[in-house]
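Undergrad: got a structure for you, letters missing:
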């Protein structure tokens, strides 16, 4: 039986990272990562070299602000430099039927709720687990 050239063993690390990150359970992380880091090699190194979502953001030059609640419609009304919000990422997780909105701010901060931070931390753990498997 011949080996598939696209198998995980033959797949370059960067392509594997991007393929794993494109999976449905990790799309929320990918959306956040797209707003905080354009260097995917640096991002991959950060993922592998940190133990938490907050630690990863810090390594990438961002800080994590926690707030009790995010009103998504209000956040959209504050998009732009005047309102301080660069992007609103209104993620809804269907399996848990929970909303985990995240704000990307112009001051290099991300704002989410404590439940959102825990959710993204768990997704980061899943990403690290998949990257470590057969890697």
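TA: Arrived safely. No experiment lies behind these values; they were computed from the predicted model shown.

Undergrad: going forward, measure contacts between C-alpha atoms and count neighbours the same way
TA: Noted.

Undergrad: now the helices: where do they sit in this structure?
TA: 13-21, 27-36, 40-49, 53-59, 72-77, 114-132 (DSSP state H).

Undergrad: Buried deepest among the ones you listed, which one?
TA: helix 53-59 (a mean of 19; mean count of other C-alpha atoms under 10 Å).

Undergrad: helices or strands up against that one?
TA: helix 40-49, strand 63-66, helix 114-132 (3 or more C-alpha pairs under 8 Å, 6 or more residues apart in numbering; DSSP states H and E).

Undergrad: what's the distance between residue 105 and residue 44?
TA: Distance of residue 105 to residue 44, given as C-alpha to C-alpha, to the nearest Å: 22 Å.

Undergrad: for residue 84, same thing?
TA: In terms of C-alpha to C-alpha, residue 84 sits 28 Å off from residue 44.

Undergrad: Next: residue 79.
TA: For residue 79 relative to residue 44 (C-alpha to C-alpha), the value is 29 Å.

Undergrad: try residue 127
TA: 10 Å.

Undergrad: got a list of contacts for the helix or strand of the chain with the lowest mean pLDDT?
TA: Using mean pLDDT, DSSP states H and E, helix 13-21 stands out as the lowest-scoring helix or strand of the chain, at a mean of 90. Here helix 13-21 makes contact (C-alpha atoms under 8 Å, 6 or more residues apart in numbering) with 8, 26-27, 29-30, 40-41, 44, 127, 130-131.

Undergrad: mind running it again at 7 Å?
TA: 27, 30, 41, 131 (C-alpha atoms under 7 Å, 6 or more residues apart in numbering).

Undergrad: mind checking pLDDT for the nearest residue to residue 33 once chain neighbours are set aside?
TA: Of all residues not flanking residue 33 in the chain, residue 43 sits nearest, at 7.8 Å (C-alpha to C-alpha, 6 or more residues apart in numbering). Note on residue 43: pLDDT of 95.
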